[in-house]
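S.K.: Next one to model:
(one chain, ligands or ions: 2)
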Amino acid sequence: MAITGGCLCGAVRFTAEGDPRRVTHCHCTMCRKAMGSVVATFATFARDRVSWEGERALYESSDIGWREFCPRCGSSLTYNYRPRPERIYVAMGCFDDPSAFPAGFHDFRADKVSWLHVDEDLPDAP
Ligand SMILES: [Zn+2]
Ligand SMILES: [Zn+2]
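M.R.: Ligands and ions are numbered 1, 2, ... in the order given. Predicted coordinates:
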């Protein structure tokens with residue numbers, strides 16, 4: 001069954017075929033700022049399994065990655081890691097129904113906001 005989602009205003013929509021290969025809470029400062037949220041939860045897909053409708057804007061957030069967002073409403077949509085171009089990391093807050101895919105890992109746990117308690121028992125991403 002396809003996974004669907006999109007930005008706040010609906011100008012950008014996506015459809016992903018198949019389940020995410022991994023769901024990760026990222027606590028790094030860059031993700032926090034990019035998402036405007038104290039944690040960023042991403043679903044990793046093979047890039048060719050995700051199709052998009054609507055125009056996405058791009059921000060080169062570092063030498064090793066870029067992020068996409070809706071140019072109309074500003075919703076954060078993806079992270080893209082240059083060393084892994086075959087993958088795309090879709091912001092789970094944009095899923096129409098994120099509840100079907102619980103997180104399995106944490107990234108950058110050392111940077112976690114101290115008062116945030118979420119899925120404490122999950123391991124660090126390998
Ligand atoms: Zn939008
Ligand atoms: Zn991050």
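S.K.: Not counting sequence-adjacent ones, nearest residue to the residue most central in space within the chain?
M.R.: By CA atoms, centre = their mean, the chain has its centre lying nearest to A91, at 2.5 Å. Leaving aside its chain neighbours, A91 sits nearest to S76 (5.1 Å; criterion: CB to CB, 6 or more residues apart in numbering). Yep, even glycine has a C-beta here, placed from its N, CA and C like the rest.
S.K.: Give me the number of neighbouring residues for that neighbour.
M.R.: S76 is flanked by 21 other residues according to other CB atoms under 10 Å.
S.K.: ok, now the one 4 residues further on?
M.R.: N80 is surrounded by 18 other residues when neighbours are defined as other CB under 10 Å.
S.K.: So is the host helix or strand of it next to ligand 1?
M.R.: Assigned by DSSP states H and E, N80 belongs to strand 76-81. No - using CB under 5 Å from the ion, strand 76-81 stays clear of ligand 1, coming no nearer than 8.8 Å.
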